[in-house]
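Visitor: Pasting the sequence and the predicted coordinates here, then a few questions.
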Amino acid sequence: MTEKIYPHRFETSVDVNTSPAALFAEMDDHERLAAHMMKSSAMMAGNAMRVELDETKGRSIGSKIRMSGDVLGFALELEEVVTERVPPTRKVWETVGEPRLLVVGNYRMGFEIGKRDGTSRLTVFIEYDDPPAPWGLAGRLLGPIYARWCTESMAQGAKRWFD
C-alpha cells in the first residue's frame, strides 16, 4: 500500500529538556496533544472542539479519535486513526473519510523525537490537502496559518510540560 502524498506540509521543531521516552509518554496522550483545539481561541473563532477517544485513547495503531465542534456557525467534524506508533521516536495519525473542515482537507499529522545533547528534539508536522469546494480559497489563504498554529501549539505545549 502506497502512502498518500499531500500537497502541503508544515513542521515545528523544539528542544525539550527531557528524555525521548518521557517526551513520547506525554505526546502519546491525545487529549493533551489536542488541548489547543479544546479551548476557545482566536484561531477557532472563539469556539472549541470536542474530542472523543476510543478505549485505547489513541495509544495504539488503529486507535480512533473523533473531533467535532463549530466555527462561525459551521459544523466541523473529523475522524482520525493512528497509523504509526514507534515509542519513543514517532507517532502518526491521519484523517479517514471526508472531514468537514474549513481551511484544510484530509491530513496526516504526527511527531518525531530524537536525542540531542541531553535533551530531546521534537518535530511536530502536518501534511494536508486543500479543503473541498467551496472552501478552496480559504484553504489557500488560511491553511498555512492554521498548520503553523497547530504544530506550534503542540510543540510549545510539550516544551512547557518539561520547563
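Guide: Arrived safely. Numbering: from 1, shown residues only.
Visitor: Can you check the pLDDT for residue 111?
Guide: Note on residue 111: pLDDT of 98.
Visitor: Residue 143 and residue 107 touch, don't they?
Guide: No. With contact defined as CB atoms under 8 Å, residue 143 does not count as touching residue 107 (9.7 Å). No exception for glycine: its C-beta is placed from N, CA and C like everyone else's.
Visitor: what touches both of those two?
Guide: residue 128 (CB atoms under 8 Å, 6 or more residues apart in numbering).
Visitor: mind checking the longest helix of this protein?
Guide: Ranked by number of residues, the top helix in the chain under DSSP state H is helix 136-162.
Visitor: what's the helix or strand for the residue nearest to residue 91 when sequence neighbours are not counted?
Guide: Spatially, and ignoring its direct neighbours in sequence, residue 91 is nearest to residue 85 (5.0 Å; CB to CB, 6 or more residues apart in numbering). Assessed by DSSP states H and E, residue 85 sits inside strand 74-86.
Visitor: now do residue 112
Guide: Short version, using DSSP H and E: residue 112 is in strand 107-116.
Visitor: try residue 51
Guide: Assessed by DSSP H and E, residue 51 sits inside strand 49-53.
Visitor: Distance from the chain centre to that strand, please.
Guide: Remark: strand 49-53 is offset 13 Å from the chain centroid, using CA atoms, centre = their mean, to the nearest Å.
Visitor: Any buried residues in it, and which?
Guide: Of the residues in strand 49-53, 49, 51, 53 count as buried by neighbour count, 16 or more other CB atoms under 10 Å.
Visitor: for stretch 49-69, same thing?
Guide: Per 16+ other CB under 10 Å, stretch 49-69 contains these buried residues: 49, 51, 53, 54, 58, 59, 63, 64, 65, 67, 69.
Visitor: Wait, a helix at the last one?
Guide: Okay, so that is residue 69. No. Counting by DSSP: H, G, I helix; E, B strand; the rest coil, residue 69 falls outside a helix, being strand.
Visitor: right, and it touches residue 100 too?
Guide: No. Contact criterion CB under 8 Å: residue 69 and residue 100 do not qualify, at 10.3 Å.
Visitor: Now do the shared contacts for these two.
Guide: 75, 76.
Visitor: Tell me where the model's unsure across the protein.
Guide: Within the chain, the segments meeting pLDDT under 70 span 1, 35-47.
Visitor: let's see 80
Guide: Scanning the chain for pLDDT under 80 picks out 1-2, 33-48, 72.
Visitor: Dead centre of it: give me the residue that sits there.
Guide: residue 109 (5.0 Å; CA atoms, centre = their mean).
Visitor: Since that was my last question, I'll sign off now.
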